[in-house]
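>>> I would like the atomic coordinates for the input below:
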Amino acid sequence: MKVIISNSSSDPIYKQITRQVKAQIISGDLAEGQVLPSIRRLAHDLQISVITTKRAYDELEKEGFINTVGGKGTYVAVQNPELLREKKMKIVEEKLAQAVDEAKLMGIGEDQIIHMLQLLFQEDE
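Residues are numbered from 1 along each chain as shown. Prediction:
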């Protein structure tokens, strides 16, 4: 598991951790059942408070991304494929909403945005 803490980010450290771990689970970089570092180990590796890593793990567990088994460790939770797809869609929707907000501020219309998206999709083909 790779986590990078940014001192220049406006997000709290626990949110930086949760965001990066979620992204790694959704992308498949962290596989179902994979053991994650203990709270203490992660805190030591990142040189942050154990309380911060616990908060991040609690958040991830609450959202169903990880499971903690007392005395055994913390694991990547089994992901429901449909739920995983929905989580991916939500991420894209949030980023598109940000792009639409920026476009409106800059006076760029819907037709232009659609055209840009089409060009971006064609670029990858």
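>>> So which elements touch the longest helix along the chain?
When the chain is parsed with DSSP state H, its longest helix is helix 81-105. Applying 3 or more CB pairs under 8 Å, 6 or more residues apart in numbering; DSSP states H and E, one finds that helix 81-105 contacts helix 13-27, helix 110-124. The C-beta positions use only the backbone N, C-alpha and C, and glycine is treated the same way.
>>> Residues in contact with that helix: which ones?
For helix 81-105, the surrounding residues in contact (CB atoms under 8 Å, 6 or more residues apart in numbering) are K22, I26, G64, G109, Q112, I113.
>>> Selecting buried members of these in PyMOL, what would you type?
Only the buried entries of the contacts of helix 81-105 go into this PyMOL selection, using 16 or more other CB atoms under 10 Å:
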select buried, resi 22+26+113
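>>> Remind me which helix or strand the nearest residue to V69 once chain neighbours are set aside belongs to.
Counting by CB to CB, 6 or more residues apart in numbering, V69 lies nearest to Y75, which is 7.0 Å off, once chain neighbours are set aside. Assignment of secondary structure by DSSP states H and E places Y75 within strand 73-76.
>>> Show me what the mean pLDDT comes to for that strand.
Averaged over strand 73-76, pLDDT sits at 94.
>>> How about stretch 114-125?
Computed over stretch 114-125, the mean pLDDT rounds to 85.
>>> Stretch 29-40 now?
For stretch 29-40, the per-residue pLDDT averages 94.
>>> Show me what counts as buried in that stretch.
For stretch 29-40, the neighbour count (16+ other CB under 10 Å) marks L30, L36, P37, I39 as buried.
>>> just stretch 37-52 next, same as before
Judged by neighbour count (16+ other CB under 10 Å), stretch 37-52 contains these buried residues: P37, I39, L42, A43, L46, I48, T52.
>>> Then stretch 83-100?
For stretch 83-100, by 16+ other CB under 10 Å, it's K87.
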